[in-house]
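>>> have a look at this prediction, sequence included:
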Amino acid sequence: MTYEQFLLSKMAEECTEIAQDALKTQQFGFDSFHPETKMTNTEYLANELNDLFAIIEMLSEYGYFNFQPDRDAIDAKKEKVLKYLQLSKQLGKVDS
C-alpha cells in the first residue's frame, strides 16, 4: 500500500465514522451523551469532522489532493438539498 492509498483509506474510515455518529445523533439527539465518556453526540461529530479535515489536509500537504472549499458548489448543494426536502415534505416522508 502506498502512502496515498493509506491516506485515502483513512479518509474513507473517517467518513464512515461520521456517518455512524450522524445516525446515532438522528436516533438520540445532538445533546444526548455517552454514559461512560459523558461526551455529547455534538462533540463526537465535531471530533470526527476534525479528523476528516486532518486527513484532507495531509492529502493536500503531500500533493495528492489540493482541496479548496468551493462556495458556489456548496451553495448549489444546499439549494438541491432544500429542493428535495420540499419534495419529501410533500410526499409526507418528512415532517414540517
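Looks like it came in fine.
>>> can you list the domains in the chain?
In terms of domains, the chain is parsed into 3-65, 69-96 (source: automatic domain parsing).
>>> would you mind giving those domains as TSV with mean pLDDT and mean neighbour count added?
No exception for glycine: its C-beta is placed from N, CA and C like everyone else's. Below are the domains of the chain laid out as TSV (pLDDT from 0 to 100; neighbours: other Cβ atoms under 10 Å):
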stretch	mean pLDDT	mean neighbour count
domain 3-65	96	14
domain 69-96	96	9
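>>> now do the same contact list for the most centrally placed residue in the chain.
By Cα atoms, centre = their mean, the mean C-alpha position of the chain lies nearest to residue 18, the distance being 5.0 Å. For residue 18, the contact set (Cβ atoms under 8 Å, 6 or more residues apart in numbering) comprises 45, 48-49, 52.
>>> which secondary structure elements does the helix or strand that contains residue 50 sit against?
Secondary structure from DSSP states H and E places residue 50 in helix 41-61. Here helix 41-61 touches helix 3-28, going by 3 or more Cβ pairs under 8 Å, 6 or more residues apart in numbering; DSSP states H and E.
>>> and the angle for the helix it packs on with helix 41-61?
Calculated by axes from the mean of the first three to the mean of the last three Cα atoms, to 10 degrees, helix 3-28 forms an angle of 160 degrees with helix 41-61.
>>> distance from helix 3-28 to the middle of the chain?
7 Å (Cα atoms, centre = their mean, to the nearest Å).
>>> now swap in stretch 37-51 and tell me
Counting by Cα atoms, centre = their mean, stretch 37-51 comes out at 11 Å from the chain centroid.
>>> which residues outside that stretch are in contact with it?
Contacts for stretch 37-51 (Cβ under 8 Å, 6+ apart): 14, 17-18, 21-22, 24-25, 28-34.
>>> change it to 6 Å
Residues from elsewhere that reach stretch 37-51, judged by Cβ atoms under 6 Å, 6 or more residues apart in numbering: 14, 17-18, 21, 24-25, 30-33.
>>> switch the residues you listed over to TSV; also include distance to residue 56.
Below are these laid out as TSV (distance: Cβ to Cβ, whole Å):
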residue	distance to residue 56
14	9
17	14
18	12
21	18
24	23
25	22
30	24
31	28
32	28
33	28
